[in-house]
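Trainee: Quick one: sequence plus predicted model below, questions after.
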Amino acid sequence: MSDSKRVLIVGGVAGGATCAARLRRLDENARILVFERGPHVSVATCGLPYWIGDVIQEEGKLLQATPEVFARNFNIEVRAAHEVTAIDRTRAEIEVRELDSGRLYREPYDALVLAPGAMPIRPALPGMDLPGIFALRSLTDSQRIREWIASRAPRRAVIAGAGFIGLEMAENLTRRGLKVTVAEALPQVLPALDPEMAEPLGRHLETHRVDLRLGDAVAGFESASGGSLVVLTASGQRLAADLVLLAMGVRPEARLAEAAGLEIGTTGGIRVDEQMRTCDPKIWAVGDAVEVRDLVTGAWRLAPLAGLAHRQARVAADAICGRSSRFRGAQATAACGVFGMTAALTGATEKSLRCAGISAYEVAYLHPGDHAGYYPGATPVHLKLIFTRPEGRLLGAQAVGEQGAEKRIDVLSMATQQGATVFDLEQAEFCYAPQFGSAKDPVNLAGMTAANILRGDLEPAPWSQLRRAGALLVDVREPHEFAADHIEGALNLPLSQLRRRFEELPRDREIWLYCEVGQRSYYALRFLKQKGFNVRSLLGGYQTYWGLYP
Ligand code: FAD
């Protein structure tokens, strides 16, 4: 890079700030200017729900760097409260508005990085602008919500949307003493997950007094007496609220790029190449504003996640400095914690595969303990693995549990990114002591279950056919478990009695076995198969049944 090269960056939070700092580490001579519309830069946005919930108690902890720190430590000029209003690509200049004075001015660039993020979706609903209705994107938004709580002492909150931010806020507003209702258009919480995997999370929220209104979209707002609000839903419900949070997802902030004639993809995100370069060789874009290649399906998609913004910012800085770094694409690996339960996922879900028109895959369900059952405190990790047949290549995984779900998803994320197969998971080596895991870690078990399917040792019965099948359903749990609850129409023949009673089973009919989590039914399947029975197993057993048929 030549001595006087000017790199301008639009947006000073995750992607913008990271890109600026990386650029400086690579090039001491560049002139680096960051323009940020808001009053703060380098905000730890992901911490905002926890500051609202008083888990994080000092606002200052959310500011990872200030303009002064950028100037002093990195010789980077940060102009907060400066909005970039246009890009003149012919002259390689941007137009900037100094928000305090209204002054408009221009700045030339040799390289321009767009990191403007994404904005909360605000559909044009009646009453949308009433006081007490908030969205959460910036530190300023969270200050407003905190002030509302402090000055109005609200008792009831309605959250529109049960995605990551909606659920984190449900927990944090509950923590602040509000009675929370979550209204979600889809019939499940956390729509990023497959519905049966979201089921335990939904039940967990309800045990923490969150009122879930699933399959019922927010349709409008009215003001009510005493400054409170009524939230109207599509089904005609009227929900009383003193505070409303809109958490209906985000949309890439691509207006500036679009107005400058840069290519925008079909998803609405800015289209970039593997080096985060837009269709203009002098302009890069990173973070929530861009669309990314899905590593599993190869399709363009949006993936507004902090880790991706940081990785992309590093690639863009490298590319501007002439390095060959490349962004590999995204699996959208994400986690969400609510009231002590974690849901995490990586790669494809069945929903996303169906959307992409992909039907050639296999699924394994299991519910192992997060650590050895004999060591106190073990809790189940509900795990779903999706993989190709016959190769066993990993396509995606989802995990929900009170402990260890995110740890397994991180491992599976790395494995997926490296193109690993379920046979690699069988052989994977993990650290183990009873309080951390099991000699066969849930990830090993997932690999073994999937590999058993691919080798023909374990023939799965399709859960989707449960109601239609002509097969005989056999519950191999103990009689007291069967008596407590079972799948309608099932016969009880416990594994403990199977070896002396197996001749009671028909040989001319397919038998579908299940137990609590899939382990005993696998043992029973292996025995019956060797005795010549036509037998399959309902993977994940009764616990999967509950997710699928709540
Ligand atoms: P941002 O960090 O949003 O920064 C964009 C900045 O650009 C903004 O400050 C904006 O004011 C500025 N800007 C826009 N246009 C202009 C302009 N024309 N001129 C000047 N400035 C402009 N992700 C996770 O992976 N895990 C989490 O737990 C998580 N939690 C989250 C919680 C909340 C409440 C929110 C809102 C997001 C969360 N995210 C999380 C998402 C994560 O914060 C984003 O993926 C990340 O911040 C994106 O970085 P970015 O640089 O693209 O955009």
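Mentor: Now that the structure is in, tell me what you want to look at.
Trainee: Residue 511 contacts residue 471, doesn't it?
Mentor: Yes - checked against Cβ atoms under 8 Å, the pair residue 511 and residue 471 is within contact range at 6.4 Å. Heads up, the C-betas are built off the backbone N, CA and C, glycines and all.
Trainee: higher neighbour count, these two?
Mentor: Set side by side, residue 511 and residue 471 show more neighbours around residue 511, with 22 against 18, by other Cβ atoms under 10 Å.
Trainee: Excluding chain neighbours, give the residue nearest to residue 499 in space.
Mentor: The shortest distance from residue 499 to any residue other than its chain neighbours is 6.9 Å, reached at residue 527 (Cβ to Cβ, 6 or more residues apart in numbering).
Trainee: anything in contact with each of residue 511 and residue 471?
Mentor: Counting by Cβ atoms under 8 Å, 6 or more residues apart in numbering, the contacts common to residue 511 and residue 471 are residue 536.
Trainee: so, in contact with the ligand or not, stretch 389-409?
Mentor: No - between stretch 389-409 and the ligand, judged by Cβ under 6 Å from any ligand atom, nothing touches; the nearest distance is 11.1 Å.
Trainee: Before we go further, the residue nearest to residue 499 is sitting in a helix, right?
Mentor: Yes - the assignment for residue 527 is a helix, going by DSSP: H, G, I helix; E, B strand; the rest coil.
Trainee: per-residue confidence for it?
Mentor: According to the per-residue confidence, residue 527 scores 98 in pLDDT.
Trainee: can you tell me the helix or strand for residue 257?
Mentor: Under the assignment given by DSSP states H and E, the secondary-structure element containing residue 257 is helix 255-259.
Trainee: do the same with residue 521
Mentor: When secondary structure is defined using DSSP H and E, the element that contains residue 521 is helix 519-530.
Trainee: other SSEs contacting that helix?
Mentor: The elements that helix 519-530 packs onto, with contact taken as 3 or more Cβ pairs under 8 Å, 6 or more residues apart in numbering; DSSP states H and E, are helix 495-501, strand 511-514, strand 535-537, helix 541-548.
Trainee: Not counting the longest one itself, show me its contacts.
Mentor: If I follow you right, that is helix 541-548. Contacts for helix 541-548 (Cβ under 8 Å, 6+ apart): 195-197, 199-200, 365, 367, 380, 382, 463, 466, 477, 485-487, 514-521, 538.
Trainee: Stretch 448-456 now?
Mentor: By Cβ under 8 Å, 6+ apart, the residues outside stretch 448-456 that reach it are 362, 364, 366, 385, 387, 389-390, 392, 422-423, 425-426, 440, 458-460, 518, 522, 539.
Trainee: Could you give me the buried positions within it?
Mentor: Under the neighbour-count criterion of 16 or more other Cβ atoms under 10 Å, stretch 448-456 has 448, 449, 450, 451, 452, 453, 454 buried.
Trainee: Could you measure from the fourth one over to residue 415?
Mentor: Per Cβ to Cβ, to the nearest Å, residue 451 is found 14 Å from residue 415.
Trainee: what residues do those two have in common as contacts?
Mentor: residue 425.
Trainee: So which of the contacts of helix 541-548 are in helices?
Mentor: Under the assignment DSSP state H, the contacts of helix 541-548 contribute 195, 196, 197, 199, 200, 519, 520, 521 to helices.
Trainee: Quick one: the buried residues of stretch 448-456 as JSON lines, columns for distance to the ligand too.
Mentor: As requested, the buried residues of stretch 448-456 are arranged in JSON lines below (distance: Cβ to the nearest ligand atom, whole Å):
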{"residue": "448", "distance to the ligand": "31"}
{"residue": "449", "distance to the ligand": "29"}
{"residue": "450", "distance to the ligand": "27"}
{"residue": "451", "distance to the ligand": "31"}
{"residue": "452", "distance to the ligand": "34"}
{"residue": "453", "distance to the ligand": "32"}
{"residue": "454", "distance to the ligand": "33"}
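Trainee: buried residues in stretch 354-373?
Mentor: 358, 361-372.
Trainee: Roughly how far does the residue nearest to the spatial centre of the chain sit from residue 190?
Mentor: Residue closest to the average C-alpha location in the chain (Cα atoms, centre = their mean): residue 334, at 3.8 Å. Residue 334 sits at a distance of 10 Å from residue 190 (criterion: Cβ to Cβ).
Trainee: So what's the residue count around residue 394?
Mentor: For residue 394, the tally of surrounding residues (other Cβ under 10 Å) stands at 30.
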